[in-house]
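Participant: take this sequence and fold it.
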Amino acid sequence: MQNSASIKDTIAAIATPLGQGGVGIVRVSGPRSKDVGRTLFRSSREDFADFKPYRMHHGWALDERGEALDECLAVFMPGPGSYTGEDVVEFQCHGGPMVVRAILEAVLAQGIRAASAGEFTYRAFVSGRMDLTQAEAVAEMIAAPTRAGMTLAQAKLSGALGQKVAALRAQLEELRAQLCVAVDFPDEDIECLSPEEFLTGVNAVSEAVRDMLENFERDRCWREGAFTVLAGQVNAGKSSLMNALLGRERAIVTDIPGTTRDYLEEAVNLDGLPVRLVDTAGIRETEDAVERAGLERSRDLAAQADLVLLVVDQTRDVAAEDVDLAQRIGIDRVLVVLNKVDIDTAAQDDGLQATWFADAGFEVVPISAKTGKGLNRLCDRVRERIVGRSGEPDAGEIVPNLRQSQALEQAEAELTALAADISAGIPYDLLGVRLEAACTILGEITGEIAPADVLNSIFSSFCIGK
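Facilitator: Reported below is the predicted structural model:
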């Protein structure tokens, strides 16, 4: 991410979101940070001589001419006991956007470099304050959409994932050492690693890797949001239902069939479960090329969904297209939403839709997207149906992110192939290649072995102030 020269620079950035707020923070990190603090801070105490570490000092932030910009608190945190592991100074001022920008400009005028995205956390990684899994957890903690997502990120921020992966890598390195002895001293009277012991050690690490991969898949909806698709006939009320769930008008609602031609996606929080709610084009026969493309995309989205909310109009007959969609997706991933229950159907075949789908084994929840009747029960059932398949994450559960899980899959592939080679009696000197590859992959997860492109990809996604 940064070359060795720029790592020695002193950097600065606004560490709080831009906009009006109670407090704004300008962070300075590097060897010149304390000098910057001395230059741009004037204490309200006459006996102030210098910054005392980790103590808030009241006074004024100054511009490059020595004029007061804002009343503030300033704190000096010497390295290595700071977030970055370097000397750090923070100005904590009023949270107006012009105030924090003015203080940052004053800092930069001292010859300080503006920090790049994620550079503070990158320096914490380089200084050994955290491993790569903890650095990634910082971004995950900031982006956590719910309490459960925050809990998953916190477990990794504590170092649990990095410690687990490092321990597994240590087990493989021990096997490598024993393998080297067997290869380098074949004629010596030394007790060498037997194939049975070798296979047992490899399988133990492989099983632990598989456990972490299972956690990744099981808790995917808590990290990324449960993918929930609204599907069904045109004018069944899908867009009205989406608006009702969001509490605002996001989708256009009219009586004209085919209003929704593409899909709309929004996020909702169902009692701690993040849900990606997608409104798709209504199902019907059409000659419109754009609408046909939207229908095809709707089918693809429904096939990928964690749960499909099949919205049906209780005032209509059962539609063959709805039945086909429900049967293709399956009972486990379809929840039938019987809409428009506020309309009197006494003159019609009352309950025909509900009866057909219930008899076919599908769960049916009656609602009125117009009046809100049944919406609370629908939200409860959506959450229960999704959580029922995966369960809620446990505190301290180790769940890798996408990059980490992909690396674990690669390591697992190498270990599986290695176990097969051991069982096939492949010579020890050839087995070392796969063992070394697995060790290298695990090292990339924690950052012990970290290619520059991997680091650039991770830290460039951070916000500037972190």
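
Participant: disregarding residues adjacent in the polypeptide, which is nearest to R377?
Facilitator: In space, and not counting its chain neighbours, R377 is closest to V365: 6.1 Å by CB to CB, 6 or more residues apart in numbering. Where C-beta positions appear, they are placed from N, C-alpha and C, glycine not excepted.

Participant: quick check: that neighbour touching L378?
Facilitator: Yes - between V365 and L378 there is a contact under CB atoms under 8 Å: 5.0 Å.

Participant: re the thing from before, which strand or helix spans the residue nearest to R377?
Facilitator: Following DSSP states H and E, one finds V365 within strand 363-366.

Participant: what residues of that strand count as buried?
Facilitator: Within strand 363-366, the residues scored as buried using 16 or more other CB atoms under 10 Å are 364-366.

Participant: closest one of those to L338?
Facilitator: Closest approach to L338 among the buried residues of strand 363-366 (CB to CB): P366, at 4.4 Å.

Participant: check which helices and strands the strand holding V365 sits against.
Facilitator: strand 334-339, helix 352-359, helix 375-390 (3 or more CB pairs under 8 Å, 6 or more residues apart in numbering; DSSP states H and E).

Participant: name the stretch among these that sits most buried.
Facilitator: Among the helices and strands packed on strand 363-366, ranked by average contacts under mean count of other CB atoms under 10 Å, first place goes to strand 334-339 (a mean of 24).

Participant: what angle separates it from helix 375-390?
Facilitator: 180 degrees (axes from the mean of the first three to the mean of the last three CA atoms, to 10 degrees).

Participant: what is strand 334-339 packed up against?
Facilitator: Helices and strands touching strand 334-339, as assessed by 3+ CB pairs under 8 Å, 6+ apart, comprise helix 238-246, strand 307-313, helix 352-359, strand 363-366, helix 375-390.

Participant: who's in contact with the strand holding V365?
Facilitator: In this structure, residues lying in contact with strand 363-366 by CB atoms under 8 Å, 6 or more residues apart in numbering are 314, 331, 335-338, 341, 353-354, 357-358, 373-374, 377-378, 381, 385.

Participant: repeat that for 6 Å
Facilitator: Strand 363-366 is contacted by residues 335-338, 341, 354, 357-358, 374, 378, 381 when judged by CB atoms under 6 Å, 6 or more residues apart in numbering.

Participant: so where do the strands sit in this protein?
Facilitator: Assigned by DSSP state E, the chain shows strands spanning 11-14, 23-29, 41-43, 57-62, 68-77, 88-94, 113-114, 226-231, 264-270, 273-279, 307-313, 334-339, 363-366.

Participant: could you check the second one and say which residues are buried?
Facilitator: When you say that, I think you mean strand 23-29. 24-29.

Participant: ok, now the third one?
Facilitator: By 16+ other CB under 10 Å, the buried positions in strand 41-43 come out as 41-42.

Participant: who touches the nearest residue to R27 once chain neighbours are set aside in this structure?
Facilitator: Nearest-residue entry for R27: A15, 4.3 Å, with adjacent residues in sequence omitted and distances by CB to CB, 6+ apart. By CB under 6 Å, 6+ apart, A15 lies in contact with 25, 27, 465.

Participant: recalculate using a threshold of 10 Å.
Facilitator: Contacts here follow CB atoms under 10 Å, 6 or more residues apart in numbering; on that basis A15 touches 24-28, 83, 90-92, 100, 115, 120, 463-466.

Participant: and of these, the nearest to L277?
Facilitator: L277 lies nearest to C463 out of the contacts of A15, by CB to CB, at 26.0 Å.

Participant: how about the contacts made by the closest one?
Facilitator: 13-15, 17, 117-118, 120-121, 139, 142-143.

Participant: circling back to that earlier point, the helices and strands packed on strand 363-366: which one's closest to S44?
Facilitator: Judged by CB to CB, the one of the helices and strands packed on strand 363-366 that comes nearest to S44 is helix 375-390, at 52.3 Å.

Participant: which residues are contacting the closest one?
Facilitator: Residues contacting helix 375-390 (CB under 10 Å, 6+ apart): 148, 217-222, 226-228, 241, 244-245, 268-273, 275, 277, 306-307, 309, 332-335, 337-338, 363, 365-369, 374.

Participant: picking that back up, turn the helices and strands packed on strand 334-339 into CSV, including distance to G111 and mean pLDDT.
Facilitator: What follows is these, written out as CSV (distance: least, CB to CB, whole Å; pLDDT from 0 to 100):
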stretch, distance to G111, mean pLDDT
helix 238-246, 49, 87
strand 307-313, 56, 92
helix 352-359, 70, 83
strand 363-366, 64, 93
helix 375-390, 53, 88
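
Participant: same list, the ones you listed, but as JSON lines with distance to I458 please.
Facilitator: Below are those laid out as JSON lines (distance: least, CB to CB, whole Å):
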{"stretch": "helix 238-246", "distance to I458": "33"}
{"stretch": "strand 307-313", "distance to I458": "32"}
{"stretch": "helix 352-359", "distance to I458": "46"}
{"stretch": "strand 363-366", "distance to I458": "42"}
{"stretch": "helix 375-390", "distance to I458": "26"}
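
Participant: isn't T146 right up against E224?
Facilitator: No - counting by CB atoms under 10 Å, T146 sits too far from E224 to count as a contact (11.3 Å).

Participant: where does the prediction get shaky in the stretch 201-350 of the chain?
Facilitator: 248-263, 282-296, 298, 345-350 (pLDDT under 70).

Participant: give the contact list for the closest residue to N215 other than its chain neighbours.
Facilitator: Spatial nearest neighbour of N215, excluding adjacent residues (CB to CB, 6+ apart): V399 at 4.6 Å. V399 makes contact with 140, 151-153, 155-156, 160-161, 212, 214-220, 222-223, 393, 405, according to CB under 10 Å, 6+ apart.

Participant: and N456, what pLDDT?
Facilitator: pLDDT for N456: 79.

Participant: give me the number of residues near A407?
Facilitator: 21 (other CB atoms under 10 Å).

Participant: next one: it from T446, what distance?
Facilitator: 10 Å (CB to CB, to the nearest Å).

Participant: distance of the residue nearest to D421 when sequence neighbours are not counted from H94?
Facilitator: The shortest distance from D421 to any non-neighbouring residue, by CB to CB, 6+ apart, is to L431 (5.7 Å). Per CB to CB, L431 is found 64 Å from H94.

Participant: looking at the two, which has the bigger crowd around it?
Facilitator: Taking other CB under 10 Å, L431 and H94 do not tie; L431 has more neighbours (21 against 17).

Participant: quick one: contacts for that one?
Facilitator: 175-176, 179, 182-183, 195, 198, 202, 418, 421-422.
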